[in-house]
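1. for reference, the sequence and a predicted model appear below.
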Amino acid sequence: MSETPSIVEDAAMQTNPTTVFSLETILSDDHETVEHPGTRINDVTAAGWDEETSEKPVDEGFCVECEDQPAQVLCETCSDAYCEVCFAAQHRKGSRKRHTVKPLDGRTAKKAKTDGASTSAPPANGDLMDVEEAGADDSDDEDWERVVAGPSSEALGTQPAVGAKVGEWFVERAKYIPLRLTLTERKYLRLLEAALNVSEYTDKIDTIGFGLSKAKRIVQQIRELCAIMSGLLLAADYKQGQELFTDRDFQANAEFYQQIFELGRRHKIMNPDKMRSTYGKLIYLLQDSQSPDVKELLNFSCVRPIKTVYAVLEEHDALGLLRDDLIAVATKEIYAEGRPRRDIQKEIKSKERAIETLAARYERHGLSQENVRQCLYSIGDNHAFLRANRDPCERMIAFLQEYFHPTQAKDNKRSLAIRSGKGGARLSHDHAKQYAYVLQSLTLWREILHDMFHLWSLAEQDLLAENVPYRLRDTGQGLNRVQAAPKTSRMMHAILHKAQRSVGTWIGSSVIHMGDHNVPNALMFIDKYTQIYRILLPICNTLSQIPSLAAKPALQSYIDDEFGSTENCILEILGDFFRHGFDGSGADNFFDAGSCIDGRLTSAWNWCASLEKKRYFPVFLLTGFVGFDGEW
């Protein structure tokens, strides 16, 4: 009995009986006639750049919303099972907060209350995620939401102090801290950056052209990817590169390609300021290489996990290093501001002794003392990242609490009240509400930056997932790859709940844009939140230098004439930023800004763009300010 050819094979033979879809034909001069067999079925050409994917049913026992976490509660009104994070997000406000919820562990269900009080299912650990109580304040203002504060197990707390027990803090943290590059690896990094700088990969691939079907896009992706990889290998090893050009055997050099692409990703995470124009090309190239069509032809994957401190130590059975109490001394940041040189030198010597002690103590076969030092330096790099990115948020929170009262303003200068339509504001808040709104926004930014390495790891997993395809869409800001980011989104919801608990109230929307026209994919999300320190750090530096400016008689006279006093100058800068840096402005329509999670950052960027029009702008220039993208 003869076998009947499949529909796909039959369609491929009808398209071109003599052309075989293989890597050899794709890289040949006659690649224009090559068609992918899976893109033409029954003479119907696939849509190509704007294909919709069919939804798959949710696996039993998993959350109906995020689809990748075990269901923990059942909403009897919706008849859907949720994890605790998604349930809290979906049942925060409106009529949904009165739904009847039943824990799936067999406990008694909570019934909806007729007086409008919410029923929120307790998580497995007994902590309340989100509880909204209907009271007199809630009836007056639906945007003001009460949140019960409680402990959170979703994210790590602050770093253990020197001399304290470190416990599992460094163990959990090290899982997402990339390993610092060695000198040999930096040579390959320069090679990768040079190749990406001259590449026009995204210009050729992410475009819409007449007659550019999905089949031809697949062929074009493979040719461009092979050209970049061939050039990389030829530049690194000329003899090996010549063999590749002769045999077209990419699989033989799979380890080299995986290593060099991983170096670029690792370097970018450790240094967000680097590779600003090339990292996007690298991620999109690897994203295309993960497609089944490309991977099948190359016979290998270009992606491998990021090399982290935890992975290196676990491989050599040296995880005890991360539980050693001396690691807090060996990795701590040493501050020089306002301290005598003697104290600084003493701390430096203490840190060096701790590093050498740990290097000798945890040396293993295959794990040299230099490798241990590299792990410790990598953890120190993480602390430096937190100091530059997270600490400005804490300093701005301190300024807010020092200069402004939470509920009552002493005078107009200390009032944070804003009104829609006045000064470009899109929101209307009284002083108390705006104070809480600013505090919760800064707190959320601090929590995001504290766990940025973890978020970045999840973002790359979403971007490079084989089973999460993207669609090329016009989002209003050009063509972008719109792709869902389930892992990053879930982590963001967990961080949001932690911020809600810590501040005790929540004002405005808690919508997190991810995989839509506002934030098309996880790469755009990461790019947005790595810019926070560019906004806050120049402001903090200016405010800290104003007292030293006033020490000069001429500048003191200018400040007194213009602002009345040094304190009034600081107060005016802070007041204007806290009012109009968080006023819902910045978008070109009434749907893409406002009080949502990403809209708060949009408003802050809009304030930065208008800084030159402020009357205190000369004060910024006197402190050395050159721009929000300059050197500090």
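-> Arrived safely, thanks for sending.

2. C-alpha only now, for contacts and for neighbours.
-> OK.

3. confidence-wise, which helix or strand of this structure is lowest on average?
-> Lowest by mean pLDDT, DSSP states H and E among the helices and strands of the chain is helix 136-140, with a mean of 35.

4. helices of the stretch 501-632 of the chain, start to end?
-> 522-529, 532-549, 553-563, 566-580, 597-609, 617-622 (DSSP state H, counting those that start in this stretch).

5. which of those helices is buried the deepest?
-> Neighbour counts (mean count of other C-alpha atoms under 10 Å) averaged over each of the helices of the stretch 501-632 of the chain peak at helix 597-609, with a mean of 22.

6. restricting to C-alpha, output it in PDB.
-> The C-alpha coordinates for helix 597-609 follow below in PDB (Å, rounded to 0.1, in the frame of the first residue of the first chain):
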ATOM      1  CA  ILE A 597       1.600  52.100  35.500                       C
ATOM      2  CA  ASP A 598       3.500  53.000  32.300                       C
ATOM      3  CA  GLY A 599       1.700  56.400  32.100                       C
ATOM      4  CA  ARG A 600       3.500  57.600  35.200                       C
ATOM      5  CA  LEU A 601       6.800  57.200  33.500                       C
ATOM      6  CA  THR A 602       5.500  58.900  30.400                       C
ATOM      7  CA  SER A 603       4.500  61.900  32.500                       C
ATOM      8  CA  ALA A 604       8.000  62.100  34.000                       C
ATOM      9  CA  TRP A 605       9.600  62.100  30.600                       C
ATOM     10  CA  ASN A 606       7.300  64.900  29.500                       C
ATOM     11  CA  TRP A 607       8.400  67.000  32.500                       C
ATOM     12  CA  CYS A 608      12.000  66.400  31.400                       C
ATOM     13  CA  ALA A 609      11.300  67.600  27.900                       C
END
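
7. what's the average pLDDT for the helix ranked longest in the chain?
-> The helix that spans the most residues within the chain, counting by DSSP state H, is helix 214-236. In this model, helix 214-236 has a mean pLDDT of 76.

8. whichever helix or strand comes after it vs helix 214-236, what angle?
-> Downstream of helix 214-236, the next assigned helix or strand under DSSP states H and E is helix 238-247. Angle between the axes of helix 238-247 and helix 214-236 is 150 degrees (criterion: axes from the mean of the first three to the mean of the last three C-alpha atoms, to 10 degrees).

9. can you list contacts of the helix or strand that comes right after helix 238-247?
-> Going down the chain from helix 238-247, the next helix or strand is helix 254-270, by DSSP H and E. Helix 254-270 is contacted by residues 178-181, 185, 188-189, 192-193, 229, 233, 274-275, 279, 282, 300-307, 381-382, 385, 453, 456 when judged by C-alpha atoms under 8 Å, 6 or more residues apart in numbering.

10. report the buried residues of helix 254-270.
-> 254, 256-270 (16 or more other C-alpha atoms under 10 Å).

11. farthest-apart pair in these, please.
-> Within those, two members stand farthest from each other by C-alpha to C-alpha: 254 and 270, at 24.6 Å.

12. tell me what the helix or strand hosting residue 445 is packed against?
-> Using DSSP H and E, residue 445 sits in helix 431-450. Packing contacts for helix 431-450, counted by 3 or more C-alpha pairs under 8 Å, 6 or more residues apart in numbering; DSSP states H and E, involve helix 369-389, helix 391-403, helix 486-503, strand 505-507, helix 522-529.

13. where does residue 35 land on pLDDT?
-> 70.

14. and the contacts of helix 254-270, which of them are in strands?
-> Using DSSP state E, the subset of the contacts of helix 254-270 located in strands is empty.

15. just the buried residues from the residues you listed, in ChimeraX please.
-> Only the buried members of the contacts of helix 254-270 end up in this ChimeraX selection, burial being decided by 16+ other C-alpha under 10 Å:
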select :178,179,180,181,188,189,192,193,229,233,275,279,282,300,301,302,303,306,307,381,382,385,453,456
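
16. what separates the helix holding residue 445 from the chain centre, distance-wise?
-> 18 Å (C-alpha atoms, centre = their mean, to the nearest Å).

17. can you list the residues that contact it?
-> In this structure, residues lying in contact with helix 431-450 by C-alpha under 8 Å, 6+ apart are 144, 386, 389-391, 393-394, 396-397, 400, 406-409, 415-418, 492, 495-496, 499-500, 503, 505-508, 529-530, 532, 578-579, 582, 600.

18. again, 6 Å this time
-> 390, 393, 406, 407, 415, 416, 417, 499, 507 (C-alpha atoms under 6 Å, 6 or more residues apart in numbering).

19. the fourth one and residue 414, how far apart?
-> Between residue 407 and residue 414 the computed distance is 11 Å (C-alpha to C-alpha, to the nearest Å).

20. between those two, which is the more surrounded one?
-> Higher neighbour count among residue 407 and residue 414: residue 414, with 18 against 13, using other C-alpha atoms under 10 Å.

21. what pLDDT does the closest residue to that one other than its chain neighbours get?
-> Spatial nearest neighbour of residue 414, excluding adjacent residues (C-alpha to C-alpha, 6 or more residues apart in numbering): residue 404 at 6.1 Å. Residue 404 is assigned a pLDDT of 93 by the prediction.

22. again with residue 58
-> 61.

23. repeat for residue 331
-> 91.

24. ok, now which ones touch it?
-> Taking C-alpha under 6 Å, 6+ apart, we find residue 331 in contact with residue 380.

25. residue contacts, residue 512?
-> residue 597.

26. that one and residue 206: what is the separation?
-> In this view, residue 512 and residue 206 are 26 Å apart by C-alpha to C-alpha.

27. got the phi and psi for the closest residue in space to residue 383 that isn't next to it in sequence?
-> Distance criterion C-alpha to C-alpha, 6+ apart; nearest residue to residue 383, sequence neighbours excluded, is residue 333 at 6.6 Å. Dihedral pair for residue 333: phi -80, psi 140, per degrees, to the nearest 10.

28. measure the residue nearest the centre of the chain to residue 415 for me?
-> The chain has residue 526 as the residue nearest its centroid, 3.1 Å off, counting by C-alpha atoms, centre = their mean. Distance of residue 526 to residue 415, computed by C-alpha to C-alpha: 34 Å.

29. same question, residue 495
-> For residue 495, the distance to residue 415 - C-alpha to C-alpha - is 30 Å.

30. going along the chain, name the strands of the stretch 51-200 of the chain.
-> With strands called from DSSP state E, counting those that start in this stretch, the stretch 51-200 of the chain shows them at 73-75, 80-82, 101-103, 144-146.

31. any buried residues in the second one, and which?
-> So the one you mean is strand 80-82. 81, 82.

32. tilt between the helix holding residue 445 and helix 597-609?
-> 100 degrees.

33. got the angle between helix 431-450 and helix 391-403?
-> Using the same axes, to 10 degrees: helix 431-450 against helix 391-403 is 160 degrees.

34. offset the numbering so it begins at 44, please.
-> New numbering, starting at 44: the last item is helix 474-493.
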